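K.L.:
Predicted model and sequence below, questions to follow.
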Amino acid sequence: SFPPDVVPQAPEDPLFGLMAAYRADPFDKKVDLGIGAYRDNDAKPWVLPVVKKILRNDPALNHEYLPISGLESFTSAAAKLILGADSPALLEKRAHSIQTISGTGAVHLGALFLKRFYPGQPSVYFSSPTWANHNQIFSNIGIPIQTYPYFSKATKGLDFDGMKQAIAAAPDRSIILLHACAHNPTGVDPTQDQWRELAALLKQKSHFPFFDCAYQGFASGDLARDAWAIRYFVSQGFELCIAQSFAKNFGLYGERAGAFHFVTGPSPDAAKTISRIGSQLQQLQRSEISNPPAYGARIASLILNDATLFAEWEANLREMSGRIISMRQALRARLEELGTPGTWNHITDQIGMFSFTGLSETQVRELRDVAHVYMTKNGRISMAGLNTHNLEYFARAVDRVVR
Ligand code: PMP
């Protein structure tokens, strides 16, 4: 039998633990800046109007299994969305796309594939810091993890020199995990010039770029702009892979709509190579999840494949990203007006769902104990948790703990 002490108690997931603590707090002015999910100006989850519109009873709808690779109309539209319809990788048929359990499942499938097939058992390099689940996923699969510097505490921006030095010092052919846009947790992205430099460096080192893209269209409000780095790397002939999530940009968090894309470099053998890679991805998928969930993929597919709905979706994206950007401006302005010690330009320099405030663990603790403000202990706030009703309260609470 299973002795009782063989399985130790696992620690609670910090983020989901934070959510539970927030829900249990009866204080009426409590503020939730923890989870990375969009909220409207009344702190409520937002079903995108374009999504709501197509949620109708379809008498022809059944609940059959999807194919192992998922819904083809979804994966092909997802590939066009991230790579660009005119991508050389698509025109030359050297990309393979497979539907996954949202972004998490895509990262997982990619890691599993690389562990099995990438020559030389290399390490993966993560930005320091990165999305906490990257560590768990890659260590479960047994890929050794290293990090590259990313966030500069001094500037609250990118430590570009540190990043380049570490990537240059990594053994050739390492796996380099990159956030395509709206870096989680810092909100700090390289500029386009910096991406060009990074591409040249990765090329020189024959590294393998693994892009994680969880916020396309959500960061800047412009789908092409948020995919720029990936498209640039593809234009430079890289072999690479992409984990794509539709949780944030469609507001389909719980539906687990995502895709994994593998792009091979241009070569006479590309078609054969991609066909073999695709066959292995399918086999891995079969043993992991058999086939992916249908509902979210159907919704995304309907919108992605209809020009009118697509345009409405873009407007919804601009509404979400626009509200977040206006909250950034308002928070910075208020802290500056209050004369809160420190500099606050990073709040508007950073982009996407999150801001790395620079608040210390002690200050975060104090904000929670005294003001009922919930945020992760690394000082990250989900910008979507702020709205015109709670911004003043939050700014004053920050002002108090910083002084
Ligand atoms: N990668 C990053 C960097 C993320 O921030 C997220 C969402 N928190 C994901 C992947 C995947 O999320 P999901 O599985 O909900 O698509």
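P.N.:
Ah, there it is. This structure is a prediction, so every number in the text was calculated from the model and none was measured.
K.L.:
for the residue nearest to the spatial centre of the chain, what are its contacts?
P.N.:
The centroid of the chain falls nearest to residue 214 when counting by C-alpha atoms, centre = their mean (2.8 Å). Applying C-beta atoms under 8 Å, 6 or more residues apart in numbering to residue 214 gives the contacts 103, 131, 179, 182, 184, 243, 245, 247, 248. Quick note: C-beta positions are derived from backbone N, CA and C, even for glycine.
K.L.:
Ok, residue 379 next?
P.N.:
356, 357, 358, 359, 360, 361, 363, 364.
K.L.:
Repeat the analysis, applying 7 Å as the threshold.
P.N.:
Residue 379 makes contact with 356, 357, 358, 359, 360, 364, according to C-beta atoms under 7 Å, 6 or more residues apart in numbering.
K.L.:
how about the helices in the stretch 1-150 of the chain?
P.N.:
Secondary structure of the stretch 1-150 of the chain, counting by DSSP state H, counting those that start in this stretch: helices at 14-24, 49-54, 72-83, 88-91, 102-117, 132-141.
K.L.:
So which of the ones you listed is nearest the ligand?
P.N.:
Closest approach to the ligand among the helices of the stretch 1-150 of the chain (C-beta to the nearest ligand atom): helix 102-117, 2.9 Å.
K.L.:
Which residues belonging to the closest one are considered buried?
P.N.:
102-114 (16 or more other C-beta atoms under 10 Å).
K.L.:
Dump the C-alpha coordinates for it into PDB.
P.N.:
Taking Å, rounded to 0.1, in the frame of the first residue of the first chain, the C-alpha atoms of helix 102-117 are listed here in PDB:
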ATOM      1  CA  SER A 102      -4.400  27.000 -24.400                       C
ATOM      2  CA  GLY A 103      -1.000  28.500 -24.100                       C
ATOM      3  CA  THR A 104       0.000  26.300 -21.200                       C
ATOM      4  CA  GLY A 105      -0.600  23.200 -23.200                       C
ATOM      5  CA  ALA A 106       1.300  24.600 -26.100                       C
ATOM      6  CA  VAL A 107       4.400  25.300 -24.000                       C
ATOM      7  CA  HIS A 108       4.100  21.800 -22.600                       C
ATOM      8  CA  LEU A 109       3.800  20.100 -25.900                       C
ATOM      9  CA  GLY A 110       6.700  22.100 -27.300                       C
ATOM     10  CA  ALA A 111       8.900  21.200 -24.300                       C
ATOM     11  CA  LEU A 112       7.900  17.600 -24.600                       C
ATOM     12  CA  PHE A 113       8.800  17.500 -28.300                       C
ATOM     13  CA  LEU A 114      12.100  19.300 -27.800                       C
ATOM     14  CA  LYS A 115      13.000  16.900 -24.900                       C
ATOM     15  CA  ARG A 116      12.400  13.900 -27.200                       C
ATOM     16  CA  PHE A 117      13.900  15.200 -30.400                       C
END
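K.L.:
Give the other helices and strands that it contacts.
P.N.:
If you count contacts as 3 or more C-beta pairs under 7 Å, 6 or more residues apart in numbering; DSSP states H and E, helix 102-117 packs onto helix 132-141, strand 208-213, strand 240-245, strand 257-263, helix 270-288.
K.L.:
what comes into contact with the third one?
P.N.:
Contacts with strand 240-245, where a contact means C-beta under 7 Å, 6+ apart, come from 78, 82, 102-103, 106-107, 110, 208-214, 230, 233, 258-263.
K.L.:
Would you mind measuring from residue 389 to residue 21?
P.N.:
21 Å (C-beta to C-beta, to the nearest Å).
K.L.:
before we move on, the earlier item: name the nearest of the contacts of residue 379 relative to the ligand.
P.N.:
Of the contacts of residue 379, the one sitting nearest to the ligand (C-beta to the nearest ligand atom) turns out to be residue 356, at 13.3 Å.
K.L.:
Just the pLDDT for the residue in the stretch 301-403 of the chain positioned nearest to the ligand.
P.N.:
Residue of the stretch 301-403 of the chain nearest the ligand, by C-beta to the nearest ligand atom: residue 353 (7.4 Å). pLDDT, residue 353: 92.
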